[in-house]
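*Asks:* Provide a 3D model corresponding to the input given below.
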Amino acid sequence: MHQRSPHVSRRTRAGIPAAAGAVVLLALAAGPPAALADTPPTGSPGASAASPTASPSAPAVAPGLAQDATTVIGGERLGRPTVQVAPRTGAPELPAGLTGLSWLVADAATGEVLAARNAHLPLPPASTLKMLFADTVLPKFDRSLEHRVTPAELAGVGAGSSLVGIKENLPYRVEDLWRGVFLASGNDAVHVLSHMNGGLARTVAQMQERADALQARDTRVVTPDGYDQDGQVSSAYDLTLFARAGLRNPDFRAYCATRTARFPGGLDLTTGQRTAFDIANTDRLLGAYPGLIGVKNGYTTNAGATFTGAAERGGRTLLVTVMHPEQQSKVYGEAAALLDWGFAAAGRVEPVGALVEELEDGDEADEEEAGESAPDAEDEAPEDTGILPEVVREADQALRQADHALGPVGWTAGALCGALALWAAARVRARRRLHPRTAVAARPPVPPGSPAPRGGPAPYDGTAPCGGPAPYGGTAPRGATAVGGSTAVGGGGRRRLARRARGLVRSARARLTPAGTRSP
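*Replies:* Residues are numbered from 1 along each chain as shown. As a prediction, this is how the structure comes out:
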């Protein structure tokens, strides 16, 4: 597959601001367009820090998956095996005693990677792969939909898998199945949702497509639930991309922030009524680390412990991923220590790389890179944006009518109309992002002193697995209300608008170029 720039995708060019699109379009009406240059890579001062104390040997991974140093997604430094950090004067030191074979901490909004070690090392992901599963499948079904589970849908769940306790021949709401995925890490819930989606093979293929669109080039999907299989790998970098993309979905955000919930059980043989039981989130930092939003933990014998988390503090949201520390219990302490460091270091370190943005429609077949001629303007209509679609359609209609009636003068007016439509769409999108939808609150947590709910872990005791007492005595906001608001993650709106502006540009160039010639 074609590799993008080692620092940023071509389509993360800071996006042509929609208002500036009007200037571009008017200039093109008068003559050939100027070339749109890629955003130049930004240098990161500072040499690599020394490698930490040697960690245990990595679990077996598929050969040949490590990215070439000249084409590392997110920046060349992220492909190095040693710790990467570029401190400014006064920056805090990284936590001592980090043992994860691979880890990364990044700003969720800007995508800046603050520090990393072996970020692209392919490793078995365990249940953290369920983030990609959710990001792929969650938008497809209404949360209130009921589905009756068949015996075939529960067949083939791997031996020793974590289960939420789904019973065959009984109905379950989609939202209950997703709580089973996020809270109990239930492979049975993953299999049921995969069958609803058309089967395991179809779901795996769609997850791989989704990973490719997110530019998660280290990831190879074999199972939808993360159960160990030969060749199934991901990386700290890719898992962080999955978390960042998933948190843009309010339902994803609500599920991963839910600490406890009631889950449907079987039928009471005496009363004939459906029973229910409590399940608890297996993420031991949720509720123990102040401001933690989620996201997903995992463990298998082969993968060791894996964890990707997101936390908000002072209006800033950070993402952290830790893979395969030397002891399973250390994954939470090392993740918490990296989050603490990240909040203290933000603004005091130079980024050592970046989380790339999702590829949009047509990005893989970039007509500028392929040298293809512009398509016929009559065959090229603006895609439905979902934002003021009637305005965009009317602008396109005006452009066509002006072209036939008034020639270049009329086209100029039509182009301006299209640019203004895109600008208006961008304004509406920006306003909507200021008021994100609040997720539904979760069931209240179990009172102190109560026995641990079925399927949940022992409560986090506040002891840092790295050694010494942990300073995480506070509690995170309870329930499933989205944390971090619209500033928590980046977005692709400007790039989509920029691409539509380029569509109008190509239409203009096709009309203004004499027959039999190609525009420059």
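
*Asks:* Pull out the buried residues from stretch 260-269.
*Replies:* Residues of stretch 260-269 classed as buried by neighbour count (16 or more other CB atoms under 10 Å): T260, A261, F263, P264. Backbone N, C-alpha and C define where each C-beta goes, glycine included.

*Asks:* Show me where this protein has its helices.
*Replies:* 18-30, 130-137, 151-154, 174-182, 187-196, 200-213, 236-246, 250-257, 330-345, 367-370, 389-406, 408-433, 493-512 (DSSP state H).

*Asks:* avg pLDDT for the first one?
*Replies:* To tie it back to what came earlier, the one meant is helix 18-30. Helix 18-30 shows a mean pLDDT of 38 in the predicted model.

*Asks:* And the fifth one, by the same measure?
*Replies:* Helix 187-196 carries an average pLDDT of 98.

*Asks:* so what pLDDT did G272 get?
*Replies:* What the model reports for G272 is a pLDDT of 88.

*Asks:* With G315 instead?
*Replies:* On the pLDDT scale, G315 gets 95.

*Asks:* Relative to D107, how far out is it?
*Replies:* Distance, G315 to D107, by CB to CB, to the nearest Å: 12 Å.

*Asks:* And L145, by the same measure?
*Replies:* Taking CB to CB as the measure, L145 falls 36 Å from D107.

*Asks:* The two: which has the busier surroundings?
*Replies:* Shown here are L145 and D107; by other CB atoms under 10 Å, D107 has more neighbours (20 against 12).

*Asks:* if I look at the nearest residue to that one once chain neighbours are set aside, how far off is R77?
*Replies:* Counting by CB to CB, 6 or more residues apart in numbering, D107 lies nearest to L318, which is 6.2 Å off, once chain neighbours are set aside. Noted for L318: a distance of 19 Å to R77, by CB to CB.

*Asks:* Neighbour count for the two, which is higher?
*Replies:* Per other CB under 10 Å, whichever of L318 and R77 has more neighbours is L318, with 26 against 23.

*Asks:* ok, that one - contacts?
*Replies:* Applying CB atoms under 8 Å, 6 or more residues apart in numbering to L318 gives the contacts V105, A106, D107, A108, L114, A310, A311, L339, G342, F343, A346.

*Asks:* How confident is the prediction for it, by pLDDT?
*Replies:* In this model, L318 is scored at 98, pLDDT.

*Asks:* Could you check how far it is from H191?
*Replies:* To H191, L318 is 33 Å away according to CB to CB.

*Asks:* Same check on L94?
*Replies:* Distance of L94 to H191, computed by CB to CB: 40 Å.

*Asks:* Those two - which one has more neighbours?
*Replies:* Between L94 and H191, H191 has the larger neighbour count (other CB under 10 Å), namely 25 against 21.

*Asks:* mind checking how far the more buried one is from A155?
*Replies:* In terms of CB to CB, H191 sits 8 Å off from A155.

*Asks:* what's the answer for A91, then?
*Replies:* Distance, A91 to A155, using CB to CB: 53 Å.

*Asks:* How about G315?
*Replies:* G315 is 48 Å from A155, where distance means CB to CB.

*Asks:* try D142
*Replies:* Separation of D142 from A155 (CB to CB): 26 Å.

*Asks:* Output the below-cut-off pLDDT ranges for the stretch 351-500 of the chain.
*Replies:* Counting by pLDDT under 70, the ranges of the stretch 351-500 of the chain that qualify are 362-500.

*Asks:* no no, the stretch 1-150 of the chain
*Replies:* Counting by pLDDT under 70, the stretch 1-150 of the chain contains low-confidence ranges at 1-70.

*Asks:* For it, which segments are assigned as strands?
*Replies:* 83-84, 86-87, 102-107, 112-117, 146-148 (DSSP state E, counting those that start in this stretch).

*Asks:* Go through these and name the closest to K296.
*Replies:* strand 102-107 (14.9 Å; CB to CB).

*Asks:* which other residues reach the closest one?
*Replies:* Contacts of strand 102-107 (CB under 8 Å, 6+ apart): 78, 112-119, 121, 123, 235-237, 240, 316-324, 334, 338-339, 341-342, 346, 355.

*Asks:* between it and helix 236-246, how many degrees?
*Replies:* Between strand 102-107 and helix 236-246, the angle comes out at 40 degrees (axes from the mean of the first three to the mean of the last three CA atoms, to 10 degrees).

*Asks:* Okay, buried residues for strand 102-107 please.
*Replies:* For strand 102-107, burial by neighbour count (16+ other CB under 10 Å) applies to S102, W103, L104, V105, A106, D107.

*Asks:* Stretch 145-155 now?
*Replies:* Per 16+ other CB under 10 Å, stretch 145-155 contains these buried residues: H147, V149, E153, L154.

*Asks:* cool, and stretch 227-243?
*Replies:* Result for stretch 227-243 [16+ other CB under 10 Å]: buried residues 227-228, 232-243.
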